[in-house]
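J.: Output the structure for:
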Amino acid sequence: MAIPAVSLDQVRFIGQDLVRPECVLATRAGDLYTSDWRGGVALRRADGTQALYTGMLPEGRLPRPNGIALRRTGSFLLAELGESSGGVFELGRDGSVRTVVLRADGIDLPPTNFVHEDALGRVWITVSTRQVPRAAAYRADVADGFIVLADARGARVVADGLGYTNEALPSPDGKFLYVNETFARRLARFRIAPDGALGSRETVAVFGAGTFPDGLAFDAEGGVWIASIVSNRVIRVAPDGSQQLMIEDCDPAHLEWVEQAFQAGEMGRPHLDGIRSRRLKNISSLAFGGADLRTVYLGCLLGGALAVFRSPIAGAPPVHWSQA
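T.: The predicted model follows:
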């Protein structure tokens, strides 16, 4: 059954002076954490005040975090989207930085997209592509992304050959790992074995023209919400695989220009960095929050604040929901 869509007029903005808040996390306390290219993680507290946690990587430069995760200790995991190298680092609120994963199966991690710590303390990591530059993988015919699992046994590749691996999250029941393949335009899932091994890929949804799935979140009714870059679309994928457009903000002519470039295998950074829209700034992730888990927060690539709207249905509480 369809649920009410959201009008752009219902969107408001919170936070200020954020720098590339690509990934957003919400907690029960009302705190919001976003990745920030000033070198770490920005916090917007429930009272509206802000803080910034930064540190230096071992090589002596500020991190460029793409995905982030909030740990039980209150520290953060950062997926490092360096110019030529990646990995996962732990950032303490005191500015300390510790290396977590740099290699898996003997491979140095390329620029790294996303990181998540699950309810069992396992760390899931995605690498979108091995291509240099990464924009060479903005194509439907490139599938060299992979997923790494880091646990007590070490770090190992558990899935490979993906079409630009983006956010990956275990389902609320822990049975499946869901992953967005941005330029394969696919939401896929893998059954998780007790030892963390992944089963064969199952296609949950395939998206059409103008949709490039990036972030994802689960709702309380078994749906998966998808944030699409470029088109500023939020799409709900129902348990039966049907799709519903919840919100969209794009210029049709500009989106057609991007689509033509994608189909021709010529998509590049200008198609991601110069979008045209009314309000949304190239949304990339989403999180359910608020006291009733019906407030949706949108991370983005180009804005300095978070777009916010009310959802007609509640989200499923994320694993870090009760963290401070």
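J.: Which secondary structure elements does the lengthiest strand in the chain sit against?
T.: Counting by DSSP state E, the longest strand found in the chain is strand 154-162. Packed against strand 154-162 by the contact rule (3 or more Cβ pairs under 8 Å, 6 or more residues apart in numbering; DSSP states H and E) you find strand 103-104, strand 145-151, strand 176-181, strand 186-191. In this view, the C-beta of every residue, glycine as well, is placed from N, C-alpha and C.
J.: With distance to Ile283, mean pLDDT and mean neighbour count as extra columns, can I get those in CSV?
T.: Shown next, in CSV, are the helices and strands packed on strand 154-162 (distance: least, Cβ to Cβ, whole Å; pLDDT from 0 to 100; neighbours: other Cβ atoms under 10 Å):
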stretch, distance to Ile283, mean pLDDT, mean neighbour count
strand 103-104, 30, 98, 16
strand 145-151, 21, 98, 23
strand 176-181, 13, 98, 25
strand 186-191, 16, 98, 20
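J.: so which of these gets nearest Leu70?
T.: When those are compared by Cβ to Cβ, strand 145-151 sits nearest Leu70, at 16.6 Å.
J.: Please put the alpha-carbon coordinates of the closest one into PDB.
T.: Extracted C-alpha coordinates of strand 145-151, given in PDB (Å, rounded to 0.1, in the frame of the first residue of the first chain):
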ATOM      1  CA  GLY A 145      33.800  -2.700  -6.000                       C
ATOM      2  CA  PHE A 146      34.000  -4.900  -2.900                       C
ATOM      3  CA  ILE A 147      33.000  -5.400   0.700                       C
ATOM      4  CA  VAL A 148      35.400  -6.100   3.600                       C
ATOM      5  CA  LEU A 149      34.500  -7.700   6.900                       C
ATOM      6  CA  ALA A 150      36.800  -7.000   9.900                       C
ATOM      7  CA  ASP A 151      36.200  -9.100  13.000                       C
END
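J.: Where does pLDDT dip in the stretch 1-150 of the chain?
T.: The stretch 1-150 of the chain contains residues with pLDDT under 70 at 1.
J.: mind listing the helices for the protein?
T.: 252-263, 269-273 (DSSP state H).
J.: lowest-confidence stretch among these?
T.: Of all the helices of the chain, the minimum mean pLDDT falls on helix 269-273 (a mean of 94).
J.: Can you name every helix or strand that it contacts?
T.: helix 252-263.
J.: roughly how far out does the helix it packs on sit from the chain middle?
T.: 23 Å (Cα atoms, centre = their mean, to the nearest Å).
J.: Distance to Asn180 for the helices of the chain - can I get that in a markdown table?
T.: Shown next, in a markdown table, are these (distance: least, Cβ to Cβ, whole Å):
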| stretch | distance to Asn180 |
| --- | --- |
| helix 252-263 | 16 |
| helix 269-273 | 15 |
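J.: closest to Pro312 out of those?
T.: helix 252-263 (25.7 Å).
J.: contacting residues around the closest one?
T.: 138-140, 183, 209-210, 230-231, 267-268, 271, 275-276 (Cβ atoms under 8 Å, 6 or more residues apart in numbering).
J.: buried stuff in that helix?
T.: 254-255, 258-259, 262 (16 or more other Cβ atoms under 10 Å).
J.: Out of the residues you listed, flag the one nearest to Thr165.
T.: Nearest member of the buried residues of helix 252-263 to Thr165, counting by Cβ to Cβ, is Phe262, at 17.6 Å.
J.: how much space between that closest one and Thr182?
T.: 11 Å (Cβ to Cβ, to the nearest Å).
J.: wouldn't Ile313 be in contact with Gly222 here?
T.: No. Contact between Ile313 and Gly222 fails when scored by Cβ atoms under 8 Å: they sit 10.3 Å apart.
J.: tell me, how many neighbours does the closest residue to Ala119 other than its chain neighbours end up with?
T.: Of all residues not flanking Ala119 in the chain, Val319 sits nearest, at 5.1 Å (Cβ to Cβ, 6 or more residues apart in numbering). Applying other Cβ atoms under 10 Å, we find 19 residues neighbouring Val319.
J.: go on, Gly30?
T.: Around Gly30 there are 15 residues (other Cβ under 10 Å).
J.: what's the closest non-adjacent residue to it?
T.: Ala46 (2.9 Å).
J.: any idea how far Ala26 is from the one you found?
T.: Taking Cβ to Cβ, one finds Ala46 at 10 Å from Ala26.
J.: Those two: who's more crowded?
T.: Shown here are Ala46 and Ala26; by other Cβ under 10 Å, Ala26 has more neighbours (27 against 13).
J.: Pull the contacting residues for the residue nearest to Ala119.
T.: 116-119.
J.: I'd like the distance between Ser171 and Leu78.
T.: To Leu78, Ser171 is 24 Å away according to Cβ to Cβ.
J.: The two: which is more packed in?
T.: The neighbour comparison of Ser171 against Leu78 (other Cβ under 10 Å) goes to Leu78, with 29 against 16.
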